[in-house]
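Colleague: structure of the sequence below:
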Amino acid sequence: MILFFYGKNDYLLVRKLRELKEKYLKAAGGNLNLIELTGDSFNFEEFVAQTQTMPLLATTRLIIVENIFTCPNRDALDKTRDFLPKIPASTVVVFTQRGEPDKRLGLFKALNKPKTAQNFKEITGDQLKNFIRDEVRNRGGKIEPLAATTLSEAVGSDLWQLSNEIDKLIAYAGGHAVTSADVELLVTKNITSNIFVMVDALARGDKKTALIELENLLLSGEPPLKILAMVNYQYRLIAQVKDGTRSGLSYFQINKAAPFARKFSWHDLSAIYKIMVQIDEAIKTGKIEPEEGLKELVLSI
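Modeller: Model prediction:
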């Protein structure tokens, strides 16, 4: 059997993988037949050898290959694609990829089948509020509908942060339902998520949406210079991922920035950085009001 988990929602992807692994370990009575590989050090010959090994004291063997498309050897990916039909029935292989893989690759096309693949997409809107309510209930807490809305707006689709905030809010509520006031008191608004929405809109050429997101940030009370600093930080992060210099970055940061690293050329990033420097100088020297400077930045990118 072959399974393929991928997508931007790495929180749900990781949880699904953990649940599958725990279920297998319980059924198999231990990790004797569990093999875990990673894409950045993926070796095709080792992979073949592991798939061909018969399970010991069990009926199946589970092989997990995390982030397969980070493998730098494209030839190895092509060989893996061709080898898929030869994987024995006694071996279960789970390929994963946090973020969006290159859909042009042959291995992606071979894995992306209805019965094989599951795309973990980011959740927003009502789906996000339902997620919050379900998570609170599953953790033994209660939350008011307005509080779920307030929390979703404060944190956005970063489920890693959201999970931490839910635990914090349940503990604070002490058996009572979490209120909107509790959220306002305890939860730090995730300006990063809003900035990424704005950057995404700019990458699509959708300046209308980018201006709306900017206006929302300003109305929420975020200082203009902080917004400018965060925009600068996100573009530097994109450049860092594009350059392949990922040391010190979290999976979340890499997965968020990777799609933009593919969209923007080095020429684009250089031009954007020059505009940000000019706007920053104009604001700090009083040549332009901060809010107007930010709007000019959005319109100029």
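
Colleague: the longest strand seen in the chain pairs with which strands, and in what direction?
Modeller: With secondary structure taken from DSSP state E, the chain has its longest strand at strand 91-98. The pairing partners recorded for strand 91-98 under DSSP bridges are strand 2-7 (parallel), strand 61-66 (parallel).

Colleague: may I have the following helix or strand past it as PDB, with CA atoms only?
Modeller: As assigned by DSSP states H and E, the chain's next helix or strand after strand 91-98 is helix 106-111. The C-alpha trace of helix 106-111 is given here as PDB (Å, rounded to 0.1, in the frame of the first residue of the first chain):
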ATOM      1  CA  GLY A 106       6.700  12.600 -12.300                       C
ATOM      2  CA  LEU A 107       6.800  11.200  -8.700                       C
ATOM      3  CA  PHE A 108       4.200  13.800  -7.600                       C
ATOM      4  CA  LYS A 109       1.900  12.800 -10.500                       C
ATOM      5  CA  ALA A 110       2.400   9.100  -9.700                       C
ATOM      6  CA  LEU A 111       1.500   9.600  -6.000                       C
END
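
Colleague: how far does helix 106-111 sit from its chain's centre?
Modeller: 21 Å (Cα atoms, centre = their mean, to the nearest Å).

Colleague: following element in sequence after it, please.
Modeller: strand 117-119.

Colleague: direction included, what does that next one pair up with?
Modeller: Its sheet considered, strand 117-119 pairs with strand 2-7 (parallel) by DSSP bridges.

Colleague: give me the nearest residue to M198, chain neighbours excluded.
Modeller: E213 (4.1 Å; Cβ to Cβ, 6 or more residues apart in numbering). Any C-beta I mention is one placed from the backbone N, CA and C, and that applies to glycine too.

Colleague: cool, L34 as well?
Modeller: Among residues not flanking L34 along the chain, L62 sits closest, at 5.1 Å (Cβ to Cβ, 6+ apart).

Colleague: now F131
Modeller: Spatial nearest neighbour of F131, excluding adjacent residues (Cβ to Cβ, 6+ apart): I123 at 5.8 Å.

Colleague: assign the one you found to helix, strand or coil.
Modeller: Using DSSP: H, G, I helix; E, B strand; the rest coil, the structure places I123 in coil.

Colleague: that one: neighbour count?
Modeller: Residues near I123, counting by other Cβ atoms under 10 Å, number 19.

Colleague: find me the pLDDT at it, would you?
Modeller: Note on I123: pLDDT of 90.

Colleague: do T179 as well
Modeller: Value listed for T179 in the pLDDT field: 96.

Colleague: now swap in R246 and tell me
Modeller: pLDDT at R246 comes out at 68.

Colleague: then L105?
Modeller: L105 is given a pLDDT of 94.

Colleague: measure the closest residue to it other than its chain neighbours to F260 for me?
Modeller: Computed as Cβ to Cβ, 6+ apart, the closest residue to L105 that is not its neighbour in sequence is L77, at 6.3 Å. For L77, the distance to F260 (Cβ to Cβ, to the nearest Å) stands at 23 Å.

Colleague: same thing with L84?
Modeller: Counting by Cβ to Cβ, the gap from L84 to F260 is 31 Å.
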